[in-house]
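Enquirer: Sequence plus predicted model, see below.
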Amino acid sequence: MTEKMNPVIWFEIPVVDMLRGKAFYEAVFSQKLVANDMGLRQMAMFSMEMGIPGIGGALVKDEGFVPSHLGTLVYFSVTDINLTLDKVIANKGKMLVPKTEIGEYGFFAHFEDSEGNRIGLHTM
């Protein structure tokens with residue numbers, strides 16, 4: 001019997017400057033990212049726990065990883081979108097889409113991080 005699993009299990013967000021990107025995400029989401037150098041690839045991993053909803057991910061600096069507004073969009077679950085957007089702006093990010101209602105699915109917003117990536121926020 002095959003175990004059911006959600007289709008996404010990991011995400012990676014490209015950075016140009018690992019120290020700047022790490023400081024930005026630590027300030028915005030109030031959590032410590034754990035640095036992990038894998039040869040030429042630098043990573044800073046978000047905290048995660050097994051057995052609870054959600055997936056893990058990391059910031060990545062490596063050849064071929066280019067920050068962008070194009071392509072895949074990662075959404076972070078937050079309690080307060082406006083408070084999080086305030087932290088984004090205070091840490092030199094930009095609000096792209098303000099808090100927007102999506103009916104029974106809650107609210108979302110988009111911002112640009114310190115590296116030039118478009119990132120989403122979601123809350124119920």
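Expert: Now that the structure is in, tell me what you want to look at.

Enquirer: From here on, just use CA atoms for contacts and neighbour counts.
Expert: Fine.

Enquirer: First-to-last residue distance for stretch 44-59?
Expert: Length of stretch 44-59, first residue to last, Cα to Cα, to the nearest Å: 5 Å.

Enquirer: now the protein, which segments are flagged as low pLDDT?
Expert: Residue ranges of the chain with pLDDT under 70: 1-2.

Enquirer: all strands of this protein, in order?
Expert: Assigned by DSSP state E, the chain shows strands spanning 10-14, 34-38, 41-45, 56-61, 75-77, 94-101, 107-112, 118-123.

Enquirer: by contact count, what packs against the second one?
Expert: In this structure, strand 34-38 makes packing contacts with strand 41-45, judged by 3 or more Cα pairs under 8 Å, 6 or more residues apart in numbering; DSSP states H and E.

Enquirer: Tell me the buried residues in the lengthiest helix in the chain?
Expert: Of all segments of type helix in the chain, defined using DSSP state H, the longest is helix 18-29. Across helix 18-29, burial judged by 16 or more other Cα atoms under 10 Å covers 18, 21-22, 24-25, 27-28.

Enquirer: Return the closest of those with respect to residue 50.
Expert: For the buried residues of helix 18-29, the residue nearest residue 50 by Cα to Cα is residue 25; the value is 21.2 Å.
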